[in-house]
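A.B. asks: Sequence and predicted model, in that order:
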Amino acid sequence: MTCLMIDIEGLSLINSDIKRINHPLIGGIILFARNYKNKSQLINLVKSIRQIKQNLIIAVDQEGGRVQRFKNEFTKIPEMKQIGKIYQKDKVYAKKIAKLIGWIIAEELAAIDIDFSFTPVLDVDYGSSSVIGDRAFHKEVEPISVLASSLVEGLNFGGMQSVGKHFPGHGFIKTDTHTEVAIDDRPLETIQNNDMLTFNNLIKIGIKGIMPSHIIYSSCDQNPSGLSKFWLQDQLRNRLNFKGAIFSDDMSMQAAESSQKSITLRVQNALIAGCDMVLVCNSPNEVDKLIRELEWDINLESIKRLELMKLDRKKNKKNNKNYCNCTIEEACSIISNL
């Protein structure tokens, strides 16, 4: 039960959306730009979703830069690389900016009754990946860790959890896993001593969610990391001692499909590997197939981990006035004028 996060088709629910949401396997909804016209419409959409299933997790990719699904009537969030450039000149100010961005994201999404954004990107920018590129804070582990921790602190202040991505690191590979199979042939030790350090540092400060990539790290395992017990159990759970929720990346992406043509077996393999919740997006027919075929009893530990990802509305209401010596209006003005 409640192990799938799916999308919906448009600006309001249609009968097929309602039927899918009602199914016991559906535990989450991810929203996209196509689901957004303005704040009033979005509030009504989220309200209609919650009227069907109150405890559903509702999420969005609201990283900033080119990955910000809601733009009109929301604060324009810069790409994270810009914050990394500020860090090079003024570390203290860059940390404040990252905190304010986290707070703004939390406040603006909480006002819509959305639980969290899939952010921050923890990938190292090696300069080769167009799909990551300016979504990454920096090319070095220390600035990424400091700025991502600050952003998470701001999110948490607003009552919102975060999801670090894309474990164990997507920044080295040029290939876009949305459209192609991606293989990273670096040795495990190289990945552990570089890319994984940012995840380790965020786990130490208590990040509650992690999203693995769909890259195959061929020196370690022939499965994409999101379908790999080696990465999710041996490395993430056991080596890094991560206790939070694991969300797969979209199982409709080409790099995931290459591992197993059957969507049912693909999702089942991701759950067996250790994902608590599996995303299936832009493929309503495959969601319908899963609803017919997938048999999975979510365990109590997964339920507890996913419950902790929900918006803390009391904390959000308590902390919505002032942060880092700024009102929310002042914070939005600072970020909008970067």
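C.D. replies: Great, that's in hand.
A.B. asks: so H178 makes contact with E257?
C.D. replies: No - with the criterion set as C-beta atoms under 8 Å, H178 and E257 do not qualify as a contacting pair; they are 10.6 Å apart. From N, CA and C alone the C-beta is placed, and that goes for glycine too.
A.B. asks: packing partners for the one helix or strand M196 maps to?
C.D. replies: Element membership of M196, judged by DSSP states H and E, is helix 195-204. Using 3 or more C-beta pairs under 8 Å, 6 or more residues apart in numbering; DSSP states H and E as the contact definition, the elements that helix 195-204 packs against are helix 141-157, strand 163-167.
A.B. asks: right, so these: which one is the most enclosed?
C.D. replies: The highest mean neighbour count among those belongs to strand 163-167 (a mean of 26), with neighbours defined as mean count of other C-beta atoms under 10 Å.
A.B. asks: For it, which outside residues touch it?
C.D. replies: Contacts with strand 163-167, where a contact means C-beta atoms under 8 Å, 6 or more residues apart in numbering, come from 59, 116-123, 132, 148, 196, 198-199, 202, 207-213, 215, 225, 231, 236, 245, 247, 249, 309.
A.B. asks: try it again with 6 Å
C.D. replies: Contacts of strand 163-167 from elsewhere in the structure, counted by C-beta atoms under 6 Å, 6 or more residues apart in numbering, are 118, 121-122, 199, 202, 207, 209-213, 247.
A.B. asks: Considering those residues, which member attains the minimum pLDDT?
C.D. replies: Summarising pLDDT for those: the lowest-scoring member is S213, with 94.
A.B. asks: can you pull the contacts of that one?
C.D. replies: 166, 170, 225.
A.B. asks: Switch those residues over to a markdown table; also include distance to E301 and pLDDT.
C.D. replies: Formatted as a markdown table, the entries for those read as follows, by distance: C-beta to C-beta, whole Å; pLDDT from 0 to 100:
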| residue | distance to E301 | pLDDT |
| --- | --- | --- |
| H166 | 23 | 96 |
| H170 | 27 | 93 |
| S225 | 21 | 95 |
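A.B. asks: now the most centrally placed residue in the chain: how far from I83?
C.D. replies: In the chain, the C-alpha nearest the mean C-alpha coordinate belongs to F118, at 2.3 Å (C-alpha atoms, centre = their mean). Distance of F118 to I83, given as C-beta to C-beta, to the nearest Å: 18 Å.
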